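S.K.: With the sequence up front, the predicted model follows.
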Amino acid sequence: MLSESNLYAALPDALAGVDLPFLGARTQGKVRDIYRHDDRLLLVTTDRLSAFDRILGVVPYKGQVLTQLAAWWFAQTQDIIGNHLLDVPDPNVTVARLCTPLSVEVVVRGYITGVTSTALWHQYSLGNRTIYGIEFPDGLRKNDALSTPIITPTTKARDGGHDERITSAEVVEQGLVTVSIWEQVSAAAIALFTRGQTLARRGGLILVDTKYEFGLAPDGAVVLIDEVHTPDSSRFWIAATYADRIAAGQEPDNFDKEFIRLYYVAHGYRGEGEPFPLPPDLAVQAAARYIRTYEMLTGESFAPGAWPAGPRIEATLRQWVVGMERR
């Protein structure tokens, strides 16, 4: 585990960001830069942090943690469903097959929790017992485990808002995907989540909920895309302290992006307007949690790449583009 001083020392570089060259078609996302070349994508995961659908700041080494952890998870789940990963030539870089993303993302939830308007607990606390078309019993407490994991599909947020709620029935009724594809992704999502919960428990974590993105490969096959089971795409709690904290009416120890959201909510921000910058001490605490999550899940010590991020990524990009042009 990196020391706190090491994480603070990494802040200036993270705050400056990585100045990437424009090579081919490029899209800058909230937490990554995407380059396209023929039938491949080059995904550069950055240290930028997005919560409440806003960019709030940076977390040191976050890009490396997300890239390497997602690659590790792809390896753990490739027997369940294929994925778009081709290579990880750099701690921040993934080369992926170019796929057509489905217009629906699949959220799997094992607990009733959350702080935003789309969260199960928020809706349940308002008295709603039918959420996302699913019936919930009376008597649930915040952060309780559900009797079985449930799927709550969503579509991409519009106009900077939260992701849109939709039911499984509406996915098909609105023609977002075919019945056959929805059956495939639903089955795969539950299997992925079950595998994720098992491996998380082995590492001392609880996989609470997660979002999966699927796409169609050029041959029409449904594949897993984006990232999977990282502190940005999933919610993790510490297993050893969960029961005691719930009994005491406290929030579970979380090792994911929810740590940032809870901090902002405690300081009066819930996603409206411009957020205040991520304080350096909070960024360092978040970095420690991201890294510790990686280490608990994989059983390996995290070591940052031993090269400056900017020049190394630029070299990787140029080699990749030249290699593609020579094909």
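M.R.: That came through, no problem. All values reported here derive from a predicted model rather than from experimental measurement.

S.K.: Report pLDDT for the closest residue to Leu216 other than its chain neighbours.
M.R.: Among residues not flanking Leu216 along the chain, Thr100 sits closest, at 4.6 Å (C-beta to C-beta, 6 or more residues apart in numbering). Using the backbone N, CA and C atoms, a C-beta is placed for each residue, glycine as well. Thr100 carries a pLDDT value of 94.

S.K.: Burial check on Gln174, number of neighbours?
M.R.: 13 (other C-beta atoms under 10 Å).

S.K.: For Ser103, see how far away it is.
M.R.: Between Gln174 and Ser103 the computed distance is 9 Å (C-beta to C-beta, to the nearest Å).

S.K.: Could you measure from Val104 over to Val228?
M.R.: 16 Å.

S.K.: can you check Ser147 too?
M.R.: 24 Å.

S.K.: Looking at those two, which one has more neighbours?
M.R.: Between Ser147 and Val228, counted using other C-beta under 10 Å, Val228 has the larger neighbour count: 24 against 9.

S.K.: So in this structure, which helix runs the longest?
M.R.: helix 179-202 (DSSP state H).

S.K.: what is in contact with Gln174 and Ser103 at once?
M.R.: Counting by C-beta atoms under 8 Å, 6 or more residues apart in numbering, Gln174 and Ser103 have no shared contacts at all.

S.K.: can you pull out the strands in the stretch 1-150 of the chain?
M.R.: 25-28, 32-37, 40-45, 48-51, 54-58, 85-90, 93-97, 100-101, 105-111, 130-131, 134-135, 145-155 (DSSP state E, counting those that start in this stretch).

S.K.: wait, the residue nearest to Leu216 sits on Glu213?
M.R.: No. Using C-beta atoms under 8 Å, Thr100 is not in contact with Glu213; the gap is 11.6 Å.

S.K.: okay, these two: which has more neighbours?
M.R.: Neighbour count, other C-beta under 10 Å: between Thr100 and Glu213, Glu213 has more, with 19 against 11.

S.K.: Against Thr210, how distant is the nearest residue to that one once chain neighbours are set aside?
M.R.: Nearest non-adjacent residue to Glu213, counting by C-beta to C-beta, 6+ apart: Asp226, 4.1 Å away. Using C-beta to C-beta, Asp226 is found at 11 Å from Thr210.

S.K.: list residues touching both of those two?
M.R.: Ser233.

S.K.: Have a look at these two and say which one is more surrounded.
M.R.: Neighbours per residue, other C-beta under 10 Å: of Asp226 and Thr210, the larger number sits with Thr210, 24 against 21.

S.K.: Pairing partners for the more buried one in the sheet, please.
M.R.: Per DSSP bridges, the residues bridged to Thr210 are Val108, Ser234.

S.K.: and it, what pLDDT?
M.R.: Reported pLDDT for Thr210: 96.

S.K.: give the contact list for it.
M.R.: Thr210 neighbours (C-beta under 8 Å, 6+ apart): 107-108, 193, 196, 228-229, 233-235.

S.K.: repeat that with 10 Å
M.R.: If you count contacts by C-beta atoms under 10 Å, 6 or more residues apart in numbering, Thr210 has them with 106-110, 149, 189, 192-193, 196-197, 228-230, 233-236, 256.

S.K.: what do you get for Met296?
M.R.: 200, 202-205, 236, 238-239, 255.

S.K.: Among those residues, which one has the most neighbours?
M.R.: In the contacts of Met296, the most neighbours by other C-beta under 10 Å go to Phe236, 30 neighbours.

S.K.: check which helix or strand covers that residue.
M.R.: Using DSSP states H and E, Phe236 sits within strand 234-238.

S.K.: average pLDDT for that strand?
M.R.: In the prediction, strand 234-238 has an average pLDDT of 96.

S.K.: Specify the angle between that strand and strand 105-111 in degrees.
M.R.: Going by axes from the mean of the first three to the mean of the last three C-alpha atoms, to 10 degrees, strand 234-238 is angled at 20 degrees with respect to strand 105-111.

S.K.: for strand 234-238, packing partners?
M.R.: strand 105-111, helix 179-202, strand 205-216, helix 239-247, helix 258-266, helix 280-298 (3 or more C-beta pairs under 10 Å, 6 or more residues apart in numbering; DSSP states H and E).

S.K.: Could you tell me how far the first one lies from the centre of the chain?
M.R.: Here the centre of strand 105-111 is set off from its chain's centre by 12 Å, with C-alpha atoms, centre = their mean, to the nearest Å.
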